[in-house]
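Okay, here's the prediction I keep looking at, along with the sequence it came from:
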Amino acid sequence: MPINLTRNSLAAIMDGDINSKPLVQVLDIRLISSNQERYRLMLSDAVSTHQAMIAVQLNDRVNSGQVRKGSVIQLLEYICSAVKDRKIIVILNMEIIMPDCEIIGNPVMTTGADSSVGYALPNNNPSNPVRGSNTRMAAPSNSYNTQNFRPTIQPAYQPPPSYKNHGPVVKNEAPARILPIAALNPYQGRWAIKARVTAKGDLRRYNNAKGDGKVFSFDLLDSDGGEIRVTCFNAVVDRFYDVIEIGKVYMISKGSLKPAQKNFNHLKNEWEIFLEATSTVDLCPDEDVSIPKQQFSFRPISEIETVENNSILDIIGVVISVNPSVPIMRKNGMETQRRNINLKDMSGRSIELTLWGDICNREGQEVQELVDSGYFPVLAVKAAKVNDFSGKSVGTISSTQLFINPDIPEAHSLAEWFHQGGKDCASQSISRDVMPLGGKNDVRKTISQIKDEGLGRSEKPDWVTVKATLSFIKTDNFCYTACPLMIGDRQCNKKVTRSGNSRWVCDRCNQEFEECDYRYLLQAQIQDHSGVAWVTAFQETGEEILGCPAKELYALKSEEQDDDRFAEAIRSKIFVPFLFKLKIKEETYGEEQRVKTTVVRADRLDYAAESRYLLDTMTKLRRR
């Protein structure tokens, strides 16, 4: 029984007819992208040829050899898409009618087809096979065994009737197919996805050569674990910003897909959805339990030491300390909040997490209250940004989310470890100055040993831990006036001075502002049973020692002039035992060499942990 291809069907598809199910023949197959494994086909309807691409979910038909050069296929679902100023057929579903067949008819190249890919039109001469083919077509004639398969034979193509002033034409209003996020690609036509919003970014305004604008993004997660970011601009922001809520499930369709900007998008998807004026976002009324609330990819804190700067990742740890929230002036003149939190995990490392903005007074304040009450919660951080300034730390960005004691296996395991002994396990901070391992680094010393052993006089700094108390704090210049403007993710912090109009001016930023920041520069004396030593403590360690921001203490002394409260704030810290982690390094002042001792961390003494340390030390001494 001869095979009759649906003649002129390719021309009809180019004219917009996508409802027929024509029979066509594959003349050639080319792999055009090895990274994404995409195949381009040359199709024939016996009259003309045209290029097509198959959806990635059909790649197995090519890889298994079911579809090859000469195959006759029936197009069941397809769209016609414009790619680089030319039309191309994207095959979404097909049926294999005949795996092998000689070339049918005498097709000619369709006008406007891309000749750069090296396709050549075949002929029916068996002695002259298709150029680019490694094998000749297998079937000896234009017939096949009807006992094995009976194909659907389409009639010859008839052009549709012409409708001129005969009323409106009914469009295809069939609902779009719901696809998994992982199957989305720019070559699809009508699609829809059903997914949960896991993160929603802030509304941002921008100004460029095209004028002013506004933008916001949100992240989606579907039941198959696929994630993708959705971005809205300008008028589309007005439609959807108030509609989108974190945790809700939506049906989204009629958006365009573009390559994801990996500098700003950390999701594991090469595409990003841009909603348009015709896009639809419909809330799904029933809760879909098949779609998880959130998806994490946690990294142990120890691994963050080798992670590149500005990387976006998920971490989880037990909160071991929280600093107060302090106001910070950004470079645009807007004030924001900053709060530092320290996390530890089972990898034996701890890290500093910096909260920025409103999150300081929401989740940050909740964590502060839990720690103040003596409870150490587990904190999961989704989408934290790595910073490598003076050690490795992480900070929040607009899409960051914090989850306090989340109901996930990783949090339960971490909490169990912490309460069964992890609380007392020593952990090394990878933030601020990284303390390397080995030699004299980060070992327990007495104050007299620092001088007797000549620590700090080698090429590299020495790191030691000293159990001591504060015996004296200089109060005349305990802080300095600092620039509050932001340079990237970091505050400028350069010392600022008054200008003639009573405003503050920063020489580095070359800007003036109404209020400055105040940062600790403590000069203090520490003491143990063996001696005393002078140390310097900067902003973060100053807050750890005195328990309040420098701005608050400065206001007591200079603005409120409450000498009694100021003196009490200082006096309450005298002779309080701390574990001081010190960096000791010889530096040059003028022409003089001096050993400078800097406090990089100050932890209030945990008597239970200290007792265990002493018992362990005595046990080791007895074994010698």
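Sure, I can see it.

is residue 463 in a bridge, and if so with what?
residue 583 (DSSP bridges).

Make 34 the starting number, not 1.
Right, with 34 as the first residue, what we last looked at is residue 496.

Give me the domain ranges for this structure.
What automatic domain parsing lists as the domains of the chain is 34-190, 210-316, 334-462, 476-511+554-648, 518-549.

Using CSV, lay out the ones you listed together with mean neighbour count.
C-beta coordinates here come from the backbone N, C-alpha and C atoms, glycine included. Shown next, in CSV, are those (neighbours: other CB atoms under 10 Å):
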stretch, mean neighbour count
domain 34-190, 16
domain 210-316, 16
domain 334-462, 18
domain 476-511+554-648, 16
domain 518-549, 15
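
quick one: which of those is nearest residue 327?
domain 210-316 (5.5 Å; CB to CB).

can you tell me which residues contact residue 87?
By CB atoms under 8 Å, 6 or more residues apart in numbering, the contact list for residue 87 reads 72, 74, 94, 95, 100, 123, 124, 127.

Give me the phi and psi for it.
Main-chain torsions, residue 87, degrees, to the nearest 10: phi -100, psi 140.

State the distance from it to residue 108.
Residue 87 is 11 Å from residue 108, where distance means CB to CB, to the nearest Å.

now do residue 218
Using CB to CB, residue 218 is found at 18 Å from residue 108.

Leaving out sequence neighbours, find the closest residue to residue 456.
Leaving out its chain neighbours, the residue that sits closest to residue 456 by CB to CB, 6 or more residues apart in numbering is residue 409, at 7.1 Å.

right, I mislabeled it, should have said residue 455
In space, residue 455 comes closest to residue 379 once its chain neighbours are excluded; the distance is 6.6 Å by CB to CB, 6+ apart.

if we can go back for a sec, give the residues shared as contacts by residue 87 and residue 108.
Taking CB under 8 Å, 6+ apart as the contact rule, residue 87 and residue 108 both touch 124, 127.

Just confirm residue 551 is within a strand.
Yes: residue state for residue 551 (DSSP: H, G, I helix; E, B strand; the rest coil) corresponds to a strand.

ok, it - how many residues close by?
Counted with other CB atoms under 10 Å, residues neighbouring residue 551 total 22.

what's across from it in the sheet?
Beta-bridge partners, per DSSP bridges, of residue 551: residue 514.

Could you do residue 611 as well?
Taking DSSP bridges as the rule, residue 611 bridges to residue 501, residue 637.

gap between it and residue 642?
Residue 611 is 13 Å from residue 642, by CB to CB.

Would you verify that residue 481 is located in a strand?
No: applying three-state DSSP, one finds residue 481 to be helix, outside a strand.

list the contacts for the residue nearest to it when sequence neighbours are not counted?
Excluding its sequence neighbours, the residue lying closest to residue 481 (CB to CB, 6+ apart) is residue 563, at 3.7 Å. Contacts were defined as CB under 8 Å, 6+ apart; by that measure residue 563 touches 479, 480, 481, 482.

Recalculate using a threshold of 7 Å.
When contacts are counted by CB atoms under 7 Å, 6 or more residues apart in numbering, residue 563 touches 479, 480, 481.

now those residues as a markdown table including distance to residue 431 and pLDDT?
Listed next are these as a markdown table, based on distance: CB to CB, whole Å; pLDDT from 0 to 100:
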| residue | distance to residue 431 | pLDDT |
| --- | --- | --- |
| 479 | 48 | 93 |
| 480 | 46 | 94 |
| 481 | 51 | 93 |
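
Now the phi/psi pair for the residue nearest in space to the middle of the chain, please.
With distances taken as CA atoms, centre = their mean, residue 299 lies nearest the centre of the chain, 2.9 Å away. Backbone torsions of residue 299, given as degrees, to the nearest 10, read phi -90, psi 0.

Kindly provide the distance from it to residue 433.
The spacing between residue 299 and residue 433, counted by CB to CB, is 10 Å.

residue ranges for the helices of this structure, please.
Shown for the chain, the helices assigned by DSSP state H span residues 42-47, 92-96, 268-273, 334-337, 396-405, 442-452, 480-485, 572-579, 583-587, 596-604, 640-656.

Can you spell out which helices and strands pack onto the fourth one?
If I follow you right, that is helix 334-337. Judged by 3 or more CB pairs under 7 Å, 6 or more residues apart in numbering; DSSP states H and E, helix 334-337 is in contact with strand 382-389.

Can you show me the CA trace of the strand it packs on as PDB?
Extracted as PDB, the C-alpha positions of strand 382-389 are listed here (Å, rounded to 0.1, in the frame of the first residue of the first chain):
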ATOM      1  CA  ARG A 382      32.600  25.800  61.800                       C
ATOM      2  CA  SER A 383      30.500  28.900  62.600                       C
ATOM      3  CA  ILE A 384      29.700  31.900  60.300                       C
ATOM      4  CA  GLU A 385      28.400  35.400  60.600                       C
ATOM      5  CA  LEU A 386      25.000  36.100  58.900                       C
ATOM      6  CA  THR A 387      24.200  39.800  58.300                       C
ATOM      7  CA  LEU A 388      20.500  40.800  58.100                       C
ATOM      8  CA  TRP A 389      19.600  43.900  56.200                       C
END
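
Show me what it is packed against.
Other helices and strands packing on strand 382-389, by 3+ CB pairs under 7 Å, 6+ apart, are helix 334-337, strand 368-377, strand 426-428.

how far out from the middle of the chain is it?
Mean-position distance between strand 382-389 and its chain equals 17 Å (CA atoms, centre = their mean, to the nearest Å).

before we move on, back to that, for residue 529, find the nearest of the helices of the chain.
In terms of CB to CB, the element of those nearest to residue 529 is helix 583-587, at 13.7 Å.

before we move on, the earlier item: for the helices and strands packed on strand 382-389, which one sits closest to residue 497?
With CB to CB, the closest approach to residue 497 among those belongs to strand 368-377: 20.0 Å.

relative to helix 442-452, how tilted is that closest one?
For strand 368-377 against helix 442-452, the angle by axes from the mean of the first three to the mean of the last three CA atoms, to 10 degrees is 70 degrees.
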